[in-house]
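>>> sequence below, structure please.
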Amino acid sequence: MFCSRPGWSHVRLRRGVLSMLKSKTFVKKTRAGGVMKVVREHYLRDDIWCGSEVCTECKDGAPVLQQDARVESDLCAYPHYLIPDTNVVLHQIDILEDPLIRNVIILQTVLQEVRHRSPPVYKRIKDATHEKEKHFYTFTNEHHRQTFIEREQGESINDRNDRAIRVAAKWYTEHLNKAPSVGELKVVLLTNDRANRDKAEQNGLLAYRCEEYIKSLTGNPELVDRLALTSDDQNEITGSKLLFPEHLPLSRIQAGIKSGTFLQGTFRASRDNYLEATVFVQREGDDSTEVLLQGLQNLNRAVHQDVVAVELFPKEQWVAPSSVVLQDDRPSDKETEEEESPVLDPSRLKPTGRVVGIIKRNWRPFCGMLNQSQIKEATRHLFTPADRRIPRIRIETRQASTLVGQRIIVAIDGWPRNSRYPNGHFVRNLGGAGDKDTETEVLLLEHDVPHQPFSQAVLSFLPKMPWGITEEDLKVRADLRHLCVCSVDPPGCTDIDDALHCRELENGNLEVGVHIADVSHFIRPGNALDQEAASRGTTVYLCGKRIDMVPELLSSNLCSLRSNVERLAFSCIWEMNHKAEILNTRFTKSIINSKASLTYAEAQMRIDDASMNDDITKSLRGLNTLAKILKGQRIAKGALTLSSPEVRFHMDSETHDPIDLQTKELKDTNSMVEEFMLLANISVAQKIYEEFSECALLRKHPAPPPSNYDILIKAAKSRELEIRIDSAKALADSLNEAVLEDFPYFNTLLRILATRCMMQAVYFCSGMDSDFHHYGLASPIYTHFTSPIRRYSDIIVHRLLAVAINADSTYPDLMDKHKQSSLCNNLNYRHKMAQYAQRASVAFHTQLFFKNKGILNEEGFILFVRKNAIIILIPKFGLEGTVFFENNDKPGPRLNFDSEGPTLTVEDQHTFHIFDRVKVTISLDASNIQHQKIRMALVEPVAPFFQIPGVSVALPEPEPEAKKLKLDR
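I've put the predicted structure just below:
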């Protein structure tokens, strides 16, 4: 490298190509107070091709832009290439993705700006450039000698970039005009910036507004619906009355955060009350605060997951979360409509405030349904998102009659102060509401589950078939094919991660092995397959469908530890005595040959059948005996045994509709497998932390704050029982003691309630945290090692363990604690969304089940008591929902809510308590096709006020409060 003064240029001949080097030198102050000279080199080249078929000057062997680039347009009747500016790409990406839009030149200037301002849009435009039928061409104008421009003195970066776009468009126009076969081909610049358009026209360029161009396309008139509204358009369709306070500019927000006047946090809308939200404020370290917001003015146009600035009210203005359920289901969208005031509870005040500004919008495309306007020939309609936390969105469309009853996707464009709802635009139609494939697509999109087919780039890194164990594998791995290894899994499992063995040693001790699929052998760091697995983070299991983290060749074949085939494994092997005390632990890469792939029921049957004494059965019995000892030891240390009602559907073999629904029955063999998976995870966690104290990927389960247990303590107290929460062991012991002889199901209900009190277990990097404890398992350290086919965290743990035992080499990202921490954040997010998607799938299939069953009578128990409702659990179906005692359209009964109980007294005739036994009729209410409900009517207790028309129960949508803390294997 050499230095030069700014403006000097050097011409070099690089492999026969004329290349010009521009360099800039400037000085930079270091943190230590010194001065560092920085030299930036910028190569300009002559060998960057235009990418057009008509060009004879460029030596491009595979041109992308077509010669016949004609589309049906009233404005541009000639063949043409489009050059969109940065704002068109950012705001009209839905338009650019349409199949009608082809032959588009994406400039490097635009791509760099988009990458900086919106990574999701950047990914979408990059994907579009890789679709051959789209004919999108990326032109690196910043490195082309004739299109690169310097920023002029006093010129803003935006103005410089606009000029660079015009210069590139001018070069294309002149360059293509030299081609003999250019014909009528022209270059069209799309920009909504009036000044940019005027300057382009002064330079002799063709330039149009995006809306002007799209409206001219006769081939697809519906494309107009996908136009994102500009600020001018939004002002046209909103009223003049100001409904919301003004958002403060970013400069004032930043100054306010710095001075402590404002707090920055993530806006979380309530699913049950559209007038309420909380802002989660993360402070330094693990300290965090939640600020309560109530009322539309204080929510001030924030949308769920936006990063906002809030101002705290004085303490005398703090309020309590409302216990009332309010949903914005009214058909009217008049701006003057009065809003219901939330009911305040002075007994439990929380920090309260208001949104003063938006720091970052986290809008995404939303699934939902159109509410067609009652006005004939109207083009403006309200869209109701499937997610109740998202406000309704006003859109313009000319296809409303076609879209009614369909699931559609809509994007938000903006939310002006004078609009009750945000404005947006139609993106695409997913299909008929209620259709199984459509609803599955909706829940995958709504929970941000990556589910597109694996790309060719990803598939190219799969091993070539036929695949087999090589001589090299035998040299570097322990050959354990002689061992009596078997797997135990749910019925129909094809992605078998783990297998076990147990045998007696000559010294009288036992050898126990956990053998895990060696997925990291096939997925090497940094390639496209690895990047895709890291992005997906986890396999998602829906009812009757599985969204794989890795391609099927690995998940169901080469990595799956199926019986009677040789497979590569990573083994954790212990020597134990008969008291299940570990005497020795070793880890090794291995080769195994599983002798049986059993279901939990089949394994249990072998254990219980005294006439069976083959090697597999003996191994299972040994494992089962040790597992019971291990479980006893865990519980003695304070590990929690919680409960969560889970259901299994039996599907019709032809229609794949659910024909039966029952709660899952757990056998001893379920617990047997769990215990050894837990033990392997703990052993591996200890090993990788011992070797890599700064970059071990671990998993922790924080202890809940005492306030989380309030409802559990009240529920036990209502039956004159005490729950102690000073430690996990105290909680576990008091749960064990909380038994009522005349109410056998009481203890299960209490454990279900205790599950809801728990925090979410999370992945973290050991070098970025000091609290490693896993509260639920009562373990000082823990990780995930045992499911690498379905969890990316386990692949990273395998890589760390392989380096620790010298079975593989390391790589920079593996030892970078900051990158590990960032990876953990994505894994936590993906894991959480997968759980929500799974619950949504169960809810949908439950609706299908009741749709075919008519009205059923069942026994249930009250789980929660609210101000205007009771939440009931039906144990037989694992079904939960809310019975309301108020109706929006009719006067409801007189209600008296006591938060101390909590109890709800209706008309002074009956008082409902937590865990009361009730009888209900259950049926499907499909009157609102988007939010179908399971209708419950109380049979016992019977009273006239219970027969309120419209009292119904919605299937609970997945939310963080309903956590299912299974054993964290």
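>>> low pLDDT regions in the protein?
1-29, 31-32, 38-40, 231-240, 284-287, 323-347, 643-666, 886-891, 942-969 (pLDDT under 70).
>>> biggest helix in it by residues?
As assigned by DSSP state H, the longest helix anywhere in the chain is helix 817-853.
>>> flag every buried residue along that helix.
Within helix 817-853, the residues that qualify as buried are 817, 820-821, 823-824, 827-828, 830-851, counting by 16 or more other Cβ atoms under 10 Å. For the C-beta atoms, the positions are set from N, CA and C on the backbone; glycine is no exception.
>>> helices of the stretch 201-350 of the chain, start to end?
Applying DSSP state H, counting those that start in this stretch to the stretch 201-350 of the chain gives helices spanning 210-215, 231-236, 250-259, 296-299.
>>> got these as JSON lines, with mean neighbour count columns?
As requested, the helices of the stretch 201-350 of the chain are exported to JSON lines (neighbours: other Cβ atoms under 10 Å):
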{"stretch": "helix 210-215", "mean neighbour count": "19"}
{"stretch": "helix 231-236", "mean neighbour count": "13"}
{"stretch": "helix 250-259", "mean neighbour count": "14"}
{"stretch": "helix 296-299", "mean neighbour count": "19"}
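>>> re earlier: can you list contacts of the helix or strand following the longest helix of the chain?
Scanning forward in sequence from helix 817-853 by DSSP states H and E, the next helix or strand is strand 856-865. With Cβ atoms under 8 Å, 6 or more residues apart in numbering as the test, strand 856-865 has contacts from 711, 745, 749, 752-753, 850, 870-877, 880, 897, 901-904, 912-923, 939.
>>> any idea which of the helices of the stretch 201-350 of the chain gets closest to Ser727?
Proximity to Ser727 (Cβ to Cβ) singles out helix 250-259 among the helices of the stretch 201-350 of the chain, at 37.8 Å.
>>> what is that closest one packed up against?
strand 262-269, strand 307-312, strand 353-360 (3 or more Cβ pairs under 8 Å, 6 or more residues apart in numbering; DSSP states H and E).
>>> number of residues surrounding Gly638?
Other residues lying near Gly638 total 18 when counted by other Cβ atoms under 10 Å.
>>> tell me how far it lies from Cys757.
16 Å (Cβ to Cβ, to the nearest Å).
>>> using the three-state scheme, assign the most far-flung residue of the chain relative to its centre.
Using Cα atoms, centre = their mean, the residue of the chain lying farthest from its centre is Pro180. It sits 52.5 Å away. Look at Pro180: counting by DSSP: H, G, I helix; E, B strand; the rest coil, its state is coil.
>>> the residue lying closest to it once chain neighbours are set aside - how many residues pack around it?
In this structure, Pro180 finds its nearest non-sequential neighbour in Thr56, 6.7 Å apart by Cβ to Cβ, 6 or more residues apart in numbering. The tally of other residues near Thr56 (other Cβ under 10 Å) stands at 10.
>>> I'd assumed Thr56 was in a strand, is it?
No. Applying three-state DSSP, one finds Thr56 to be coil, outside a strand.
>>> quick check: the gap between Ile157 and Glu113.
Ile157 is 9 Å from Glu113, by Cβ to Cβ.
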